[in-house]
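In: Have a look at this prediction, sequence included:
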Amino acid sequence: MSRDDEARAIRETELEKDRARYGLLAVLVSNLAIAGVAIFGVWRLDGDKAVIVGVLTAAFTAVSSMTTAYLGIKAISNTAKTIALGDAAARRHAEAVPAAPPAPRIP
């Protein structure tokens, strides 16, 4: 592996780490915002049970959907990257190994 390949691999790894960090941060901030709005809404409703249940149900649904979507997309992305890197490594290995000479024919 040349220096350029190593540097590119390091940059790609750092970029992937940054994407994961900021994606997770976005999900956490969104979930906190949803929870904050739900808490504020419940506080302002002054005990109307039917509406409180609706607000909390909607907040739970939004938080769980957001988190599940992020984790699902991240898992699929990681799987696709692993498959792509595995295929590239297999191709490089196949190119590096010379083909065996054909077997002689016996008449």
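Out: Looks like it came in fine. None of these values were measured; they are calculated from a predicted model.

In: Just the element for the residue lying closest to I34 once chain neighbours are set aside, please.
Out: Once flanking residues are discounted, I34 sits nearest to A62: 5.0 Å by CB to CB, 6 or more residues apart in numbering. Bear in mind the C-beta positions are built from the backbone N, C-alpha and C, glycine included. Following DSSP states H and E, one finds A62 within helix 49-96.

In: Could you measure from K49 over to W43?
Out: With the distance defined as CB to CB, to the nearest Å, K49 ends up 14 Å from W43.

In: And L71, by the same measure?
Out: Distance of L71 to W43, computed by CB to CB: 30 Å.

In: of these two, who's got more company?
Out: Between L71 and W43, L71 has the larger neighbour count (other CB atoms under 10 Å), namely 13 against 9.

In: give me every residue that touches the most centrally placed residue in the chain.
Out: Central residue of the chain (CA atoms, centre = their mean): K74, 1.1 Å from the mean position. Shown in contact with K74 (CB atoms under 8 Å, 6 or more residues apart in numbering): A20, G23.

In: now it: how far from D48?
Out: Note on K74: its distance to D48, by CB to CB, is 38 Å.

In: ok, back up a step: could you report the neighbour count for the residue nearest to I34?
Out: Using other CB under 10 Å, the number of residues around A62 comes to 17.

In: now do N31
Out: Neighbourhood size, N31 [other CB under 10 Å]: 17.

In: what do you get for D46?
Out: D46 is flanked by 8 other residues according to other CB under 10 Å.

In: Could you measure from it over to I52?
Out: As for D46, its distance to I52 is 10 Å (criterion: CB to CB).

In: How far off centre is the helix or strand hosting R19?
Out: R19 is part of helix 3-45 when elements are defined by DSSP H and E. Relative to the centre of its chain, helix 3-45 is centred 11 Å away, using CA atoms, centre = their mean, to the nearest Å.

In: what's the angle between it and helix 49-96?
Out: Helix 3-45 and helix 49-96 meet at an angle of 170 degrees, taking axes from the mean of the first three to the mean of the last three CA atoms, to 10 degrees as the criterion.
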